[in-house]
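Provided below for reference: sequence and predicted model.
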Amino acid sequence: MRRTPVVLALLCALTLGACSSSSGGAGAESAPASGSAPPAASGGTFAVITHASAGDAFWDVVKNGAEAAGKQYGVTVTYQGDGDPGKQSQLIDQAVSQKVDGIVVSMANPDALKEAVGRAVTAKIPVVTINSGAASSKAFGAITHVGQSEDVAGRGAGEQLKAAGVTKLLCVVHEAGNVGLDQRCKGAEQGLGGTVERLQVDVGNLADVTSKVAAKLQSDKQVNGVLALNPAVAVAARDAVKDSGSQAKLATFDLSGDVVTAIKDGEILFAVDQQQYLQGWLPVTFLTLYKKNLNTVGGGLPVNTGPGFVTKDNAEQVAKLAEAGTR
């Protein structure tokens, strides 16, 4: 992420010289044990709590961004994820009880998190929402939301698939109840202007994802496009297209090293890139600015990190960044 000299100077000043020394400030810490207070840091302590499932490479990049920002600004960053909204709420409550200086939370299921986020706001802990739940962020009391407009991204994906000749699309949904995934499929339907059918799968069982997508492609020959909403699911869907002998065009949301390689090899048409590294980096930046200078960003509107598109034309450049864990 490029910064102008003026912005860089401001950030350095606000973080008490964090930019003047590579060894200054506290580094990112692992998540504290339940009920224990996180270690203190001169710049504050921020808890990042997402709906990530174990082993999801997408969220590893978000974590990398948050921890890199923590090191840059001399703040302590703790990261925890749980796909169960009830458990995610408990993690928010735990952070509140530890009196952290700020909370970053993804809201795939906003209604389930409303009360927990409300308790954080009541405790005067600034909250930044990320990734999902933009429509509820301001109403819940968050100071801003960082992510991509799922509707806009979905329409863009649908338009590109239409240009590639897709007329009937299979939208593969990997998390039940995730409002952002629902918006992606709806947007894709608008952009495609054709038929979009949804297929529910479990991201925790990728072999079953391959089996279900292959079975659908074999049973419905009119399906000539597949849109995955997750990079691991995209790789499983790629295998399904091969196994079924289908000529369906495949595209996906979000990046991984395997997805970028598949794009270079012509197995995946494109990936919608929401630049999730920024969904870790920017909230920690914004909370640092809020703590030091009461700055808010966005003016009540979300701060967009995408969408961008990774295609065969730029995949080689992105591949190097993906290997470094920043894309």
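Perfect, I can see it now.

just the helices in the stretch 101-250 of the chain please.
Secondary structure of the stretch 101-250 of the chain, counting by DSSP state H, counting those that start in this stretch: helices at 110-122, 134-140, 150-163, 179-192, 206-219, 231-244.

buried ones in stretch 219-234?
Val223, Asn224, Gly225, Val226, Leu227, Ala228, Leu229, Asn230, Pro231, Ala232, Val233, Ala234 (16 or more other CB atoms under 10 Å). Glycine gets a C-beta too; all of them are placed from N, C-alpha and C.

biggest separation within these, which pair?
In these, two members sit farther apart than any others by CB to CB. They are Asn224 and Ala232, at 23.1 Å.

which SSE is immediately downstream of the helix or strand of the chain with the lowest mean pLDDT?
Lowest by mean pLDDT, DSSP states H and E among the helices and strands of the chain is helix 5-14, with a mean of 42. Later in the chain than helix 5-14, the nearest helix or strand by DSSP states H and E is strand 45-50.

run me through the strand neighbours of that next one, direction for each.
strand 76-81 (parallel), strand 102-106 (parallel) (DSSP bridges).

what does that strand contact?
38-39, 59, 62-63, 66, 70, 75-81, 88, 91-92, 95, 98, 100-106, 130-131, 280, 283-284, 287 (CB atoms under 8 Å, 6 or more residues apart in numbering).

tell me how many other residues surround the residue lying closest to Asn230 once chain neighbours are set aside.
Excluding its sequence neighbours, the residue lying closest to Asn230 (CB to CB, 6 or more residues apart in numbering) is His174, at 5.0 Å. The tally of other residues near His174 (other CB atoms under 10 Å) stands at 23.

so His174 is in contact with Arg198, correct?
No: with contact defined as CB atoms under 8 Å, His174 does not reach Arg198; the gap is 11.0 Å.

from Lys138, how far off is Gly299?
Counting by CB to CB, to the nearest Å, the gap from Gly299 to Lys138 is 11 Å.

and for Ala237?
Relative to Lys138, Ala237 is positioned 35 Å away (CB to CB).

neighbour count winner among the two?
Ranked by neighbour count (other CB under 10 Å), Ala237 and Lys138 place Ala237 first, with 31 against 16.

run through the bridge partners of the residue lying closest to Gln274 once chain neighbours are set aside.
In space, and not counting its chain neighbours, Gln274 is closest to Gly306: 3.6 Å by CB to CB, 6+ apart. In this entry, Gly306 is beta-bridged to Gln148, by DSSP bridges.

need the winner for burial among the strands paired with strand 45-50.
Stretch with highest mean neighbour count among those: strand 102-106 (a mean of 27; mean count of other CB atoms under 10 Å).

before we move on, back to that, can I get the helices of the stretch 101-250 of the chain in JSON lines including distance to Leu294 and mean pLDDT?
As requested, the helices of the stretch 101-250 of the chain are exported to JSON lines (distance: least, CB to CB, whole Å; pLDDT from 0 to 100):
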{"stretch": "helix 110-122", "distance to Leu294": "16", "mean pLDDT": "98"}
{"stretch": "helix 134-140", "distance to Leu294": "18", "mean pLDDT": "95"}
{"stretch": "helix 150-163", "distance to Leu294": "30", "mean pLDDT": "96"}
{"stretch": "helix 179-192", "distance to Leu294": "30", "mean pLDDT": "96"}
{"stretch": "helix 206-219", "distance to Leu294": "45", "mean pLDDT": "98"}
{"stretch": "helix 231-244", "distance to Leu294": "37", "mean pLDDT": "96"}
